[in-house]
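>>> kindly return the folded structure for what I paste below:
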Amino acid sequence: MAERHAGGSRYFVAGSGPPLVLVHGLGGMASNWRLVAPALAEGFRVIVPDLPGHGGSAALAGAESVDPFADAVFAVVEAEDAAPAIWVGHSLGGLVGLRAALRRPEAVTGLVLAAAAGISSATRVGEAVVTVLGVVQPGRVLGRRARQVSRSRLGRTIAFGWWGLADPAGIDPEMAEAFLLGPPQHTDTVSAGRALVASDPRADLDRVRCPCLCLWGARDNWVPLQDGMEYARRLRAPLRTISDCGHLLIGERPAAVVSAVREFVAGLDAD
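Numbering: from 1, shown residues only. Modelled structure (predicted):
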């Protein structure tokens with residue numbers, strides 16, 4: 001994938017065809033899509049940004065909501081002359097995609113919410129968890145030993161057990177390493193975390209006009225399947241679950257994610 005920069009954001013581009021924007025989650029980076037983006041690039045022009053404060057993108061301090069993060073991704077899309085586009089957002093990236101669809105409905109023609117954050121994270125418990133993780137930042141410690149941790153079954157279980165993966169031992173070690181490499185590179189995930197917990201999307205979901213698909217790991221302990229059900233109900237969108245899969249579905253079940261995205265887009269074309 002070709003690396004590019006625009007408006008303080010680093011992003012990657014590959015493939016040709018209809019534009020498809022892939023947005024990672026809190027504490028992630030563009031490389032989280034390493035097993036999804038190349039497959040989708042076979043039929044789409046795939047654009048994969050690092051969110052502000054993540055990876056190689058400049059920080060966005062003081063953001064009071066997710067809207068500035070959506071605007072940062074729009075700046076990348078505009079730099080590539082890729083609007084309108086279909087967006088696929090994982091976790092925080094799903095919420096970013098929702099805000100994008102609300103702010104510029106003409107520029108987002110479809111939206112896949114892959115374990116989208118925003119509902120549970122808006123509760124007091126969710127806010128406390130995100131705040132504590134933002135201060136402690138355990139990912140930085142593990143990320144400094146990413147290769148060793150990712151090559152060890154025990155290491156992968158410690159890093160991803162319960163919260164991230166249904167089967168930490170079974171994930172591809174290189175994919176595990178890609179997830180772990182992000183935190184040491186980030187300059188400001190605290191602002192993104194604060195924006196996340198301050199942004200409850202439920203009041204605005206009835207204003208989303210583009211077709212949506214809710215895609216969830218059936219064993220997601222971080223953003224529970226119940227959130228996916230609520231998103232699907234409020235958006236009047238289908239909910240597709242992936243069995244034996246946790247929160248990091250884009251790395252744990254990439255083939256299922258690619259298949260779901262392709263089928264979703266095919267359905268849009270048929271309409």
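>>> could you use CA atoms for every contact and neighbour count after this?
Noted.
>>> so which helix or strand takes in A59?
Under DSSP states H and E, no helix or strand contains A59.
>>> now the helices: where do they sit in the stretch 51-200 of the chain?
67-79, 92-103, 124-136, 138-143, 146-150, 153-160, 173-181, 190-197 (DSSP state H, counting those that start in this stretch).
>>> pLDDT value on V136, please?
With respect to pLDDT, V136 has a value of 37.
>>> any low-confidence regions in the chain?
In the predicted model of the chain, residues 122-143 satisfy pLDDT under 70.
>>> on that earlier part again, out of the helices of the stretch 51-200 of the chain, which gets nearest to A255?
Nearest of the helices of the stretch 51-200 of the chain to A255, taken as Cα to Cα: helix 173-181 at 13.3 Å.
>>> show me what the closest one is in contact with.
28-29, 31-32, 34-35, 139, 142-144, 146-147, 149-151, 156, 251 (Cα atoms under 8 Å, 6 or more residues apart in numbering).
>>> ok, P52 touching G62?
No: when contacts are counted by Cα atoms under 8 Å, P52 is not listed as touching G62 (11.7 Å).
>>> and those two? which has more neighbours close in?
P52 (27 against 12; other Cα atoms under 10 Å).
>>> which helix runs longest in the protein?
Secondary structure of the chain per DSSP state H: the longest helix is helix 254-270.
>>> V197 and E3, how far apart?
31 Å (Cα to Cα, to the nearest Å).
>>> S152 too?
30 Å.
>>> leaving aside the residues adjacent along the chain, what's closest to P238?
Leaving aside its sequence neighbours, P238 sits nearest to L213 (Cα to Cα, 6 or more residues apart in numbering; 5.5 Å).
>>> so what strands line up beside the host helix or strand of the one you found?
Using DSSP H and E, L213 maps to strand 212-217. If you go by DSSP bridges, strand 212-217 pairs up with strand 108-114 (parallel), strand 239-242 (parallel).
>>> returning to what we had before: V197 and E3: which is more packed in?
V197 (25 against 11).
>>> can you tell me the centre-most residue of this protein?
H90 (2.3 Å; Cα atoms, centre = their mean).
>>> contacts only, for that residue.
Applying Cα under 8 Å, 6+ apart, the residues near H90 are 23-25, 113-116, 250.
>>> neighbours of L98, how many?
By other Cα under 10 Å, neighbour count at L98 equals 30.
>>> how about it, what does it touch?
111, 201, 208.
>>> bridging residues for L22?
V88.
>>> test my guess that it contacts V46.
Yes: contact criterion Cα under 8 Å: L22 and V46 qualify, at 7.3 Å.
>>> so what sits against both of these two?
A37.
>>> for ChimeraX, what selects the buried ones among the contacts of helix 173-181?
To isolate the buried ones among the contacts of helix 173-181 in ChimeraX, judged by 16 or more other Cα atoms under 10 Å, type:
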select :28,29,31,32,34,35,139,142,143,144,146,147,149,150,151,156,251
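>>> list the buried residues of the helix or strand that the strand holding L213 is followed by.
Following strand 212-217 in sequence order, the next helix or strand is helix 225-235 (DSSP H and E). For helix 225-235, the buried set under the neighbour-count rule, 16+ other Cα under 10 Å, comprises 225, 227-232, 235.
>>> now do helix 225-235: distance to the chain's middle.
17 Å (Cα atoms, centre = their mean, to the nearest Å).
>>> that one packs against which elements?
Identification of packing neighbours for helix 225-235 by 3 or more Cα pairs under 8 Å, 6 or more residues apart in numbering; DSSP states H and E yields strand 212-217, strand 239-242.
>>> these into CSV, with extra columns for distance to A256 and mean neighbour count?
Listed next are the helices and strands packed on helix 225-235 as CSV, based on distance: least, Cα to Cα, whole Å; neighbours: other Cα atoms under 10 Å:
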stretch, distance to A256, mean neighbour count
strand 212-217, 10, 26
strand 239-242, 7, 18
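>>> a markdown table please, covering those strands and showing distance to L40.
Formatted as a markdown table, the helices and strands packed on helix 225-235 follow (distance: least, Cα to Cα, whole Å):
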| stretch | distance to L40 |
| --- | --- |
| strand 212-217 | 16 |
| strand 239-242 | 18 |
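>>> on that earlier part again, which pair in the buried residues of helix 225-235 spans the largest distance?
Across the buried residues of helix 225-235 (Cα to Cα), the longest gap, 15.2 Å, separates L225 and L235.
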